[in-house]
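*Asks:* Have a look; sequence and predicted model below, questions after that.
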Amino acid sequence: HITKIRAMKFLSALPLLSSVLAASAQSINDSRPVQNAYELEVCLRSIFNDAPPKKNGVKALTFPEDGSDYDEARLTWRGDNYPAAVTYARSMEQVVSTVNCAVTNGYRISVRGHGHSAQGSAIISGYVIVDQTLMCTPDSLEVDKTKKGEHILPGSKYIAVMKASAGCTNSALMAALHENFGVEERAVIVTGGWPSVGIGGFTLGGGAGG
């Protein structure tokens, strides 16, 4: 009987809970700008119109009407989603400007590090995609050998700290290790095991690749 009374009290509270959640969701929707596809396109084109394409020829900015370029840009491991736009940023300034364009015109952002999400979760229908693949360059990798200390493993030490840009892969870090350390230093980098997977995925607990 006690269990039944508690269940009845819980069920009687559900309509109130639902109304509170509905009111909260409506409040969020009311505070978000109305989507303006035209202004979004104008804003993004002002950033990427003169940007060079990717190595495979895909444009730095694509919309659904761009056909095969758009299909290539939205390609993912799983799912068939249709974002409002896909951008390939080459600098932090372009990332910031893209985010501002999207938010001002009522769109949400999804960031794609290197596109290895097994769930394809970086590509979301209706969102503006900020791909960071092109932000990783040899010059963007920084190695600081002045930072040294005890490592978490007994008997080992860390002998440097490496800083990498978004969009860099494990292979980019391994190449930097080869360029900056001699064999006598016996350096080993802490990174993922699949060369083409982005370091962002591994750092955030995803990007397991193969």
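*Replies:* Sure thing, it's come through.
*Asks:* sec struct for F202, please.
*Replies:* Secondary structure assignment for F202 (DSSP: H, G, I helix; E, B strand; the rest coil): helix.
*Asks:* Quick one: neighbours of D144, just the number.
*Replies:* Neighbour count of D144, defined by other C-beta atoms under 10 Å: 10. C-beta here means a position set from N, CA and C on the backbone, and glycine is covered the same way.
*Asks:* Can you name the residues that contact it?
*Replies:* Residues counted as contacts of D144 (C-beta atoms under 8 Å, 6 or more residues apart in numbering) are A160, V161, M162, K163.
*Asks:* Buried by neighbour count: which residues of stretch 174-182 qualify?
*Replies:* For stretch 174-182, burial by neighbour count (16 or more other C-beta atoms under 10 Å) applies to A176, L177, F181.
*Asks:* export those to CSV and tack on pLDDT and secondary structure?
*Replies:* Formatted as CSV, the buried residues of stretch 174-182 follow (pLDDT from 0 to 100; DSSP: H, G, I helix; E, B strand; the rest coil):
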residue, pLDDT, secondary structure
A176, 88, helix
L177, 87, helix
F181, 87, coil
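*Asks:* can you give me the strands in the protein?
*Replies:* Using DSSP state E, the strands of the chain run over residues 61-62, 85-88, 109-112, 128-131, 142-144, 149-150, 157-158, 161-163.
*Asks:* Could you tell me the average pLDDT over the first one, please?
*Replies:* What it means is strand 61-62. In this model, strand 61-62 has an average pLDDT of 96.
*Asks:* Show me what that strand is packed against.
*Replies:* Applying 3 or more C-beta pairs under 8 Å, 6 or more residues apart in numbering; DSSP states H and E, we find strand 61-62 packed against helix 37-48, helix 68-73, strand 85-88.
*Asks:* Distance check, L153 against V190.
*Replies:* Using C-beta to C-beta, to the nearest Å, we find L153 at a distance of 10 Å from V190.
*Asks:* Point out the most buried one among the helices and strands packed on strand 61-62.
*Replies:* Counting by mean count of other C-beta atoms under 10 Å, strand 85-88 has the highest mean neighbour count of these, with a mean of 26.
*Asks:* what does it contact?
*Replies:* Contact with strand 85-88 is made by 40-41, 44, 47-48, 51, 54, 58, 60-63, 70, 73-74, 94, 98, 128-131, 133-134, as judged by C-beta under 8 Å, 6+ apart.
*Asks:* Poorly predicted segments of this structure, please.
*Replies:* 1-32, 55, 205-210 (pLDDT under 70).
*Asks:* Kindly recompute the last result at 50.
*Replies:* Within the chain, the segments meeting pLDDT under 50 span 1-6, 8-11, 14, 207-210.
*Asks:* Great, nothing more from me.
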